[in-house]
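A.B. asks: only geometry, no sequence info:
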């Protein structure tokens, strides 16, 4: 396995959560596709399943509600809490439903009560911001590397977003959007926010929806080999 490999060429370009491109390049890329997309079309939807002990909390803070002039969204993930350790949620994600119960018309206090009194199995329908479409800017090239990670619980310590969609405007690579401090990916040290996950144990992910890719991660063995695509700066001649 290739757990000992490290990169020495990309730290200088990790500028933001998706690494490549600015908001300007994202907007240009969207507009070049013929029509502007609505706010809803910039978002993906996935399913997150959490298993908690009776009487314990999920370890997340929800803001918004029908009386708070905003859709319910994750405003905080408690370090070490169940939600943070699941590596399936990001701050800013919208929660559309809990165990099939639509939250759009519930008040903030009703949402909090629902989450506190839910059973051990918690299924969240999550809406998240899609990674942007970007072209490779000049001075940037892509490389691939294989990264071996060891699972803790059902997770390898990173959050990824994107995935296949029938509407090609909404299809994205599976992009790493967060590395949990102290988790397996953080300790191994290679994976960075903005990297693209191309395969796991030789199984390509380019035709997998986000939820399907999450299932593949959870069903993998305790050790998995990831093929990662990342960006490096190219020095001008």
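C.D. replies: Received the coordinates, thanks. Keep in mind that this is a model prediction, so the values were computed, not measured. Numbering: from 1, shown residues only.
A.B. asks: hey, which helix or strand in this protein has the poorest pLDDT?
C.D. replies: Across the helices and strands of the chain, mean confidence by mean pLDDT, DSSP states H and E is lowest for helix 23-31: a mean of 34.
A.B. asks: which elements pack onto the very next helix or strand once past that one?
C.D. replies: Going down the chain from helix 23-31, the next helix or strand is strand 43-51, by DSSP states H and E. Packing contacts for strand 43-51, counted by 3 or more CB pairs under 8 Å, 6 or more residues apart in numbering; DSSP states H and E, involve helix 82-86, strand 121-129, strand 158-163, helix 210-219. The C-beta positions use only the backbone N, C-alpha and C, and glycine is treated the same way.
A.B. asks: need the winner for burial among those.
C.D. replies: Counting by mean count of other CB atoms under 10 Å, strand 158-163 has the highest mean neighbour count of these, with a mean of 24.
A.B. asks: that one: partners in the sheet, and parallel or antiparallel?
C.D. replies: Applying DSSP bridges, strand 158-163 is found paired with strand 172-179 (antiparallel).
A.B. asks: give me the contacts around the partner strand.
C.D. replies: The set of residues external to strand 172-179 that reach it, using CB atoms under 8 Å, 6 or more residues apart in numbering, is 17-18, 44, 87, 90, 130-131, 133, 157-163, 165, 185-186, 191-198, 205-206, 208, 210, 213, 229.
A.B. asks: residue 147: how many residues sit nearby?
C.D. replies: Neighbour count for residue 147, taken as other CB atoms under 10 Å: 24.
A.B. asks: ok, back up a step: for the helices and strands packed on strand 43-51, which one sits closest to residue 70?
C.D. replies: Ranking the helices and strands packed on strand 43-51 by proximity to residue 70 (CB to CB) places strand 121-129 first, at 13.0 Å.
A.B. asks: so how far is that closest one from its chain's centroid?
C.D. replies: 12 Å (CA atoms, centre = their mean, to the nearest Å).
A.B. asks: which helices and strands does that strand pack with?
C.D. replies: On a contact count with 3+ CB pairs under 8 Å, 6+ apart, strand 121-129 meets strand 43-51, strand 94-98.
A.B. asks: reformat these as a markdown table; add mean neighbour count and mean pLDDT.
C.D. replies: What follows is these, written out as a markdown table (neighbours: other CB atoms under 10 Å; pLDDT from 0 to 100):
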| stretch | mean neighbour count | mean pLDDT |
| --- | --- | --- |
| strand 43-51 | 17 | 91 |
| strand 94-98 | 18 | 96 |
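A.B. asks: let's have these in a markdown table, adding distance to residue 79.
C.D. replies: Shown next, in a markdown table, are the helices and strands packed on strand 121-129 (distance: least, CB to CB, whole Å):
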| stretch | distance to residue 79 |
| --- | --- |
| strand 43-51 | 16 |
| strand 94-98 | 20 |
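A.B. asks: appreciated, that's everything.
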